[in-house]
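Chemist: Next input, structure requested:
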Amino acid sequence: MNQTGRLIGGKAALSLGVLILAAPAQSHERAAKEPLKLGASQMIKLVIPQPYSSNRLEYDYIVPLAQTARDRYFFDAKVFASEQPLIGASAGSDFFQAFGQSARLGVRTLFEQGNAFRGASVGYDSLWQQGEYYQQIGAAFEYTKRDYQLVLTMGLPMTPPGATASGDTPLASVNLQVSLPTGYPGLAVQPRVYVVGSDSTGSAVGGQLQFTYSFARSWSATLASNYDELTGVSGSLTFQVLFPQRQAESIGAAIHPSLINSFAGAVGNNGSRVIRLDNAPAASGN
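Modeler: Okay, the predicted model is just below:
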């Protein structure tokens, strides 16, 4: 009888052990099949350049259109305003120098069991500055892993060169940026190479180096410096906040916690969403 009891007890212990070992796998499998539960996100960004350029305040509203366990289809609407430069503005100028908007329709897809995602987006941008109106179409491609990111953006003006009375020419742009860890917690280095130009100005190759420090989960600060032949050296300091803050367990689908902000956030500017004119410094920062 004791031997039978021991045999039954052994089988029960074995069954319990199997259930314990299987529980995480079953939980992960359920998470992988469960649709994403990412609601709308908002982002506020303040870009502070050198004194002879314009401070810029941006607001993004990112709303999901459809979500599956791996895919998030979204619409990203940006509005922004730039003030007159602290140095060099004409006497009697209005406080604001420019207003603009940028819209992106895109999709992001998780892969590698939620440890990476890729994305693509297209959209329309416009800029109103000193009585002139500029337009362009834009596109972006993203590849993001836990500690690395590759972003390709481009903008193509819809305004013919020389069609504006002011003589300012909108520039086409192609920008390639990578984000790499530095080994210091929360600090990333982001080198960028870009090409800008138009029929009247010709093309110019430029480079930008920026450091981004992320803190308090959804806050970040970016220090950037860039150079190209059209405008020389310029730089900026950018402060950014994304809200609401989210926890991994509230997302539903399997996604690494370090990817939540970038997966739910706005499509990066990366030099293309804010239309650049030939007499203006590069749109530094993210």
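Chemist: Strands of the stretch 1-150 of the chain, residue ranges please.
Modeler: With strands called from DSSP state E, counting those that start in this stretch, the stretch 1-150 of the chain shows them at 41-49, 56-67, 71-83, 96-111, 116-129, 132-145, 149-157.
Chemist: Let's have those strands in CSV, adding mean neighbour count, mean pLDDT and distance to residue 206.
Modeler: The C-beta positions use only the backbone N, C-alpha and C, and glycine is treated the same way. Shown next, in CSV, are the strands of the stretch 1-150 of the chain (neighbours: other C-beta atoms under 10 Å; pLDDT from 0 to 100; distance: least, C-beta to C-beta, whole Å):
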stretch, mean neighbour count, mean pLDDT, distance to residue 206
strand 41-49, 19, 94, 15
strand 56-67, 17, 96, 19
strand 71-83, 19, 96, 20
strand 96-111, 18, 95, 21
strand 116-129, 18, 96, 19
strand 132-145, 18, 96, 18
strand 149-157, 20, 95, 14
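Chemist: among these, which is nearest residue 258?
Modeler: Among the strands of the stretch 1-150 of the chain, the nearest to residue 258 by C-beta to C-beta is strand 132-145 (9.4 Å).
Chemist: in its sheet, what does that closest one sit against?
Modeler: Strand 132-145 pairs in its sheet with strand 116-129 (antiparallel), strand 149-157 (antiparallel), by DSSP bridges.
Chemist: check contacts around the residue lying closest to residue 70 once chain neighbours are set aside.
Modeler: Spatial nearest neighbour of residue 70, excluding adjacent residues (C-beta to C-beta, 6 or more residues apart in numbering): residue 110 at 4.7 Å. By C-beta atoms under 8 Å, 6 or more residues apart in numbering, residue 110 lies in contact with 69, 70, 71, 116, 117, 253, 254, 255, 263.
Chemist: Pick the one among those residues closest to residue 237.
Modeler: For the contacts of residue 110, the nearest to residue 237 is residue 263 (25.7 Å; C-beta to C-beta).
Chemist: name the element that closest one belongs to?
Modeler: Using DSSP states H and E, residue 263 sits in helix 260-264.
Chemist: Tell me which residues of that helix come out buried.
Modeler: Neighbour-count burial for helix 260-264 flags 260, 261, 262, 263, 264 (criterion: 16 or more other C-beta atoms under 10 Å).
Chemist: could you dump that helix to CSV, C-alpha only?
Modeler: Taking C-alpha atoms only, helix 260-264 is exported to CSV below (Å, rounded to 0.1, in the frame of the first residue of the first chain):
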residue,chain,number,x,y,z
ILE,A,260,6.9,50.1,-26.5
ASN,A,261,7.6,53.8,-26.8
SER,A,262,9.0,53.6,-30.3
PHE,A,263,6.4,51.2,-31.5
ALA,A,264,3.5,53.4,-30.2
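Chemist: Can you verify my assumption that residue 171 contacts residue 278?
Modeler: Yes - counting by C-beta atoms under 8 Å, residue 171 touches residue 278, with 5.9 Å between them.
Chemist: Same drill for these two, tell me which one is more crowded.
Modeler: residue 171 (24 against 18; other C-beta atoms under 10 Å).
Chemist: Now the more buried one. Its backbone dihedrals?
Modeler: For residue 171, the backbone dihedrals are phi -110, psi 140 (criterion: degrees, to the nearest 10).
Chemist: That one: what's its closest spatial neighbour, skipping adjacent residues?
Modeler: residue 196 (4.5 Å).
Chemist: can you redo the strands of the stretch 1-150 of the chain as TSV with distance to residue 190?
Modeler: Converted to TSV, these look like this (distance: least, C-beta to C-beta, whole Å):
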stretch	distance to residue 190
strand 41-49	15
strand 56-67	18
strand 71-83	20
strand 96-111	19
strand 116-129	17
strand 132-145	13
strand 149-157	8
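Chemist: Quick one, which of those gets closest to residue 273.
Modeler: strand 96-111 (4.3 Å).
Chemist: I'd like the distance between the residue nearest to residue 70 and residue 259.
Modeler: Separation of residue 110 from residue 259 (C-beta to C-beta, to the nearest Å): 8 Å.
Chemist: same question, residue 97
Modeler: Taking C-beta to C-beta, one finds residue 97 at 36 Å from residue 259.
Chemist: What of residue 137?
Modeler: For residue 137 relative to residue 259 (C-beta to C-beta), the value is 28 Å.
Chemist: still on that earlier bit, and which of the buried residues of helix 260-264 is nearest to residue 232?
Modeler: Distance to residue 232, by C-beta to C-beta, is smallest for residue 262 among the buried residues of helix 260-264, at 31.4 Å.
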